[in-house]
Structures are given as C-alpha cells and as structure tokens.
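Enquirer: Kindly generate the corresponding structure for this input.
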Amino acid sequence: MARMKYLVLHCTATPEGREVTSKEIRHWHTDPVSKGGRGWKQVGYTDLIHLDGKVERLVDNNEDAEVDPWEVTNGAKGYNSVSRHVVYAGGCTKDMKHPKDTRTPAQLKAMTDYVRNFHQRFPQIKIVGHCDLPGVNKACPAFDVAKWLKSIGIYQ
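Expert: Residues are numbered from 1 along each chain as shown. Below you'll find the model as predicted:
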C-alpha cells in the first residue's frame, strides 16, 4: 500500500467519435501478446469515460488516498503504485494521424464532475495528464491538463 500522489488523465488514442468498450481495453491490456494484447496482469485504468459521458468502473478501489496492491492499474510505468488512472474514449483525429482533444460535451461534463469530486476529496493529490509525467513521451491525453484544470477552477 502506498500513498496516492497522482490522478492521471488518459485518452484511449482512438479516432474521434469511436466508442471503446471495457472488453476492448481488457483485450488490449491483458490478453497475451500472442493474441494481440500486452500481457499485463491488470488494465491501465480505474475508470473509463464513454462518449455519452457514462463513467464505467474497470477496477474496483476503496475510494481512499492509498493505492492498495489490488487497486494498482497499469496506466503509466513507474507511477502505477502511487496513481489512479482515468481514461476517456478518443484522443486522435478520425484519420489517426494526429492527437486531438475529442472529448464530447458529455465526456467533458463527466470528466469535469469526476475531477472536481476527486479534487474535493483529495486536494493534496496532483492531477496530471499522462504526458506530464517525467519520462513519458506521449501526447496522451491530447489536451493541456493544467490549462483545463484552471478553466474549471482547480489550481494546483
């Protein structure tokens, strides 16, 4: 068990407007490499924000500021034991050539509510994008998290 330090925001790196299911994420992350997965023992995210704004729990947690071994997800190598990870479906242009903030109005509302609630309960935990973690060379979550946080009244 470790004290949580980060809430990490992610995108699925899928085309704008394409829904993603929890089954797909489980396949991508936990199926053996021989079957097209990564072979991880756990998915990368605690929660998935669908295009319609529905938030789906992928990995149970006890909603405290500790990361118990059974709560660890594989969202960012080197940070998993001290982080919770949430992902929205999308993050790329329709042609998959560029990262893009593709959050629908429903996803934006759901993510805003999720992050505000999280921040109210755990103001000491830093909220970051996957790309903001040291050593990460990705565009994920395809938007400037610090700028967005300020726009919704969260200053860290």
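Enquirer: tell me how far the ends of stretch 92-99 are from each other?
Expert: 4 Å (C-alpha to C-alpha, to the nearest Å).
Enquirer: Can you mark which positions in that stretch are buried?
Expert: Burial within stretch 92-99, assessed by neighbour count using 16 or more other C-beta atoms under 10 Å, is assigned to 92, 99. Backbone N, C-alpha and C define where each C-beta goes, glycine included.
Enquirer: same deal with stretch 125-135?
Expert: Of the residues in stretch 125-135, those buried by neighbour count under the rule 16+ other C-beta under 10 Å are 125, 127-133.
Enquirer: now the helices for this protein?
Expert: 22-30, 105-121, 145-151 (DSSP state H).
Enquirer: wait, Cys131 sits on Lys138?
Expert: Yes: A contact is recorded between Cys131 and Lys138 when judged using C-beta atoms under 8 Å, the distance being 5.3 Å.
Enquirer: which two from the buried residues of stretch 125-135 end up farthest apart in space?
Expert: Comparing all pairs in those by C-beta to C-beta, the longest separation belongs to Ile125 and Cys131, at 18.1 Å.
Enquirer: Show the pLDDT at Leu51.
Expert: At Leu51, the predicted lDDT confidence score is 98.
Enquirer: Surely it and Arg103 touch.
Expert: No: here Leu51 lies out of contact with Arg103, judged by C-beta under 8 Å, at a distance of 9.1 Å.
Enquirer: Now list whatever residues contact both of those two.
Expert: With C-beta atoms under 8 Å, 6 or more residues apart in numbering applied, the overlap between the contact sets of Leu51 and Arg103 consists of Gly90.
Enquirer: And the spatially most distant residue from the centre of the chain, how far from Val82?
Expert: Going by C-alpha atoms, centre = their mean, the residue of the chain most distant from its centre is Ser34, 25.6 Å out. Plainly put, Ser34 is 31 Å away from Val82 if you go by C-beta to C-beta, to the nearest Å.
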